[in-house]
Structures are given as structure tokens and as C-alpha cells.
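A.B. asks: output the structure for:
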Amino acid sequence: MFFLSEIEHALRLPPHLLDQPLNEAIKGVLDSLFLDKVIEKLGLCISIYDIRSIDGGNVVPGEGSLMYTVKFRMVMFRPFVGEVLSARLKESTKDGLRLSMGFFDDIYIPYALLPTPNHYEPDPVHKGGVKWIWEYDENEPYPIDWTDEIRFKVLSVSYPPLPLEQGVDSNNEGSIDSEGFGPISWWV
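C.D. replies: The predicted structure follows:
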């Protein structure tokens, strides 16, 4: 789920940051460039773990910036296929569910991967939303409520080819169509 990834980056340090200690200034620039961005094959950037090396410091002619080559490690969120995770309901539509882990909101459970048999009803609280209901037992329906913690299995993970804000062309698909998955309240 969480990994350390080593990255090397050519970094331009603007002149207004030159009065700060070098490590702090570089860490601030790296934070603004990478945090909360999704990088292909690496995942979502959570935080700068450490700076391994800083080389260079050449002045960019005409602007006073300094160019550095920085090697650093980042904490990345990258779930693997088959991993079991828990999240909260963020959106419920006729197409399925969108879940959030608080720091990551791009988890989709398509309606075909919800427990069957099921149906949905208009949600009176959330305009345009629906409430999915598992019809396991005729006498006792099992709704998926907005307050539920939902356990799901990761089926696919894909990220965009360029570093982008999370939510842009990021697709992580899961399933709750197995015993023990879905709202945890169903199983306790």
C-alpha cells in the first residue's frame, strides 16, 4: 500500500528562496511539485521522506535561479491488485460507488461488482444520488449507508502517464461482491 520511491529531479530554485537554508528551500519546492500528485507506475505522492543528495547549484543566466539535481525519497500510496482495503462512501450513483480513504478519493466500485441481487433507490438526503441495497434476505435488506466503512478488494490500478493532481485520469477499481466485503456493519 505504501512504498518508498527514490526519485532524481532537476530542480530550479527561485531567487526569493535563496535566503532559506538549502534543504528547507529545496524541500518546499519539492512539496509544491509532487505532493498530492499521481505519477505513473509509482502512485500518489504522500510526503517527502528524505533528501539523499543535492548536486549543482549553477546559476540560470538572466533570472538568478539556481539549478540543482536532487535525489530524494517519497512515500507513495500504490495499492496492489488483490489487496483488501477499507474506505468511506463519497458518492453513490446508478453507475456504482465512489469511495474515499481520506487522502485518496479515486476508488470506484461499478454496479456490476456490488453484491447481487441488489437494487437502488433515490437518496432523499443526497440530491442526484442513490442508495444501493443488497437483497440478501427478503425480510431484511442491507443498505449501503453514507456512514459505513466499506471493505473492498482492489481489482485494477491505473495512473496517468504524467504527474497530475489526483482524480485526473486515475482509475482504481474495486469489488465488494464477495463474502466479507461491503459495509463492515453487515458482517459484525
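A.B. asks: pull the longest strand from this structure.
C.D. replies: Scanning the chain for the longest strand, with DSSP state E as the assignment, gives strand 43-59.
A.B. asks: what residues does that strand touch?
C.D. replies: Under the criterion C-beta atoms under 8 Å, 6 or more residues apart in numbering, residues 2-4, 6, 22-23, 26-27, 30-31, 34-39, 65-79, 103-104, 159, 163, 166, 170 lie in contact with strand 43-59. Any C-beta I mention is one placed from the backbone N, CA and C, and that applies to glycine too.
A.B. asks: ok, the spatially most central residue of the chain to residue 185 distance?
C.D. replies: In the chain, the centroid-proximal residue (C-alpha atoms, centre = their mean) is residue 104; its distance is 3.1 Å. As defined by C-beta to C-beta, to the nearest Å, residue 104 lies at a distance of 22 Å from residue 185.
A.B. asks: after the lowest-mean-pLDDT helix or strand in the chain comes which helix or strand?
C.D. replies: Sorting the helices and strands of the chain by mean pLDDT, DSSP states H and E puts strand 164-165 at the bottom, at a mean of 52. Following strand 164-165 in sequence order, the next helix or strand is strand 171-175 (DSSP states H and E).
A.B. asks: might you calculate how far stretch 107-124 sits from the centre of the chain?
C.D. replies: 22 Å (C-alpha atoms, centre = their mean, to the nearest Å).
A.B. asks: buried set for that stretch?
C.D. replies: 107, 108, 109, 113, 114, 115, 118, 120, 123 (16 or more other C-beta atoms under 10 Å).
A.B. asks: check which helix or strand covers the third one.
C.D. replies: Secondary structure from DSSP H and E places residue 109 in strand 107-110.
A.B. asks: which residues touch the helix or strand just after that strand?
C.D. replies: Later in the chain than strand 107-110, the nearest helix or strand by DSSP H and E is strand 118-122. Residues from elsewhere that reach strand 118-122, judged by C-beta under 8 Å, 6+ apart: 92, 94, 111, 129, 130, 131, 132, 133, 134, 135.
A.B. asks: isn't the fourth one up against residue 93?
C.D. replies: Yes. Between residue 129 and residue 93 there is a contact at 6.4 Å, judged by C-beta atoms under 8 Å.
A.B. asks: pLDDT weak spots in this protein?
C.D. replies: Scanning the chain for pLDDT under 70 picks out 160-171.
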